[in-house]
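>>> Here is a sequence with its predicted model. Questions after.
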Amino acid sequence: QVQLVESGGGLVQPGGSLRLSCAASGSIFRIYTMGWYRQAPGKQRELVTSITSGGTTNYADPLKGRFTISRDNARNTVYLQMNSLKPEDTAVYYCNAEIQGSGAWSRSTYWGQGTQITVSS
């Protein structure tokens, strides 16, 4: 059983910063790409950023320069540093990872439970 557990959400004022963490646990053989998605009220879930096991990153264009993804492969953890937050960044943020479980022949996609980020004064 593989799980992704997120932490670090909350309420922040415009212009503020937050750091999200997502730790993978369970019977894991290998973790491939990890990433973050978000879903605002009334909108579809969208990709925020992703990072491969080798450290190659990909960002949604509007978020480049404000958000930074990183990962600690030894801890099976991915981080999202969010700076200069805006009210339009308000959403539920989901961790995502492609993981091959122990004994599995192929990778599967896993999701975290989601963490609410509210940017408001």
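Structure received. Given the structure is predicted, the values throughout are model-derived calculations rather than measurements.
>>> CA only for contacts and neighbour counts going forward, please
Noted.
>>> Please name the bridge partners of the residue nearest in space to the middle of the chain.
Computing the C-alpha centroid of the chain and ranking residues by C-alpha atoms, centre = their mean puts W36 first, at 2.8 Å. Here W36 sits in beta bridges with T49, C95, going by DSSP bridges.
>>> In this structure it contacts L47, no?
Yes - between W36 and L47 there is a contact at 6.4 Å, judged by C-alpha atoms under 8 Å.
>>> Can you show me the strands along the chain?
Remark: strands assigned in the chain by DSSP state E are 2-7, 10-12, 18-26, 28-39, 46-51, 57-59, 67-72, 77-82, 91-101, 108-111, 115-119.
>>> What residues sit buried inside the last one?
The neighbour-count check on strand 115-119 (16 or more other C-alpha atoms under 10 Å) flags T115, Q116, I117, T118, V119 as buried.
>>> who's in contact with the closest residue to the second one other than its chain neighbours?
Spatially, and ignoring its direct neighbours in sequence, Q116 is nearest to V92 (4.3 Å; C-alpha to C-alpha, 6 or more residues apart in numbering). When the contact criterion is C-alpha atoms under 8 Å, 6 or more residues apart in numbering, the partners of V92 are R38, Q39, A40, G114, T115, Q116, I117.
>>> Can you lay out those as TSV showing distance to N73?
Shown next, in TSV, are the contacts of V92 (distance: C-alpha to C-alpha, whole Å):
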residue	distance to N73
R38	23
Q39	26
A40	29
G114	21
T115	22
Q116	25
I117	25
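>>> Now do the same contact list for A91.
By C-alpha under 8 Å, 6+ apart, the contact set of A91 is R38, Q39, A40, P41, Q116, I117, T118.
>>> Leaving out chain neighbours, which residue sits closest to it?
Excluding its sequence neighbours, the residue lying closest to A91 (C-alpha to C-alpha, 6+ apart) is A40, at 4.2 Å.
>>> and the one you found, what pLDDT?
We have a pLDDT of 96 for A40.
>>> what does I69 give?
I69 is assigned a pLDDT of 98 by the prediction.
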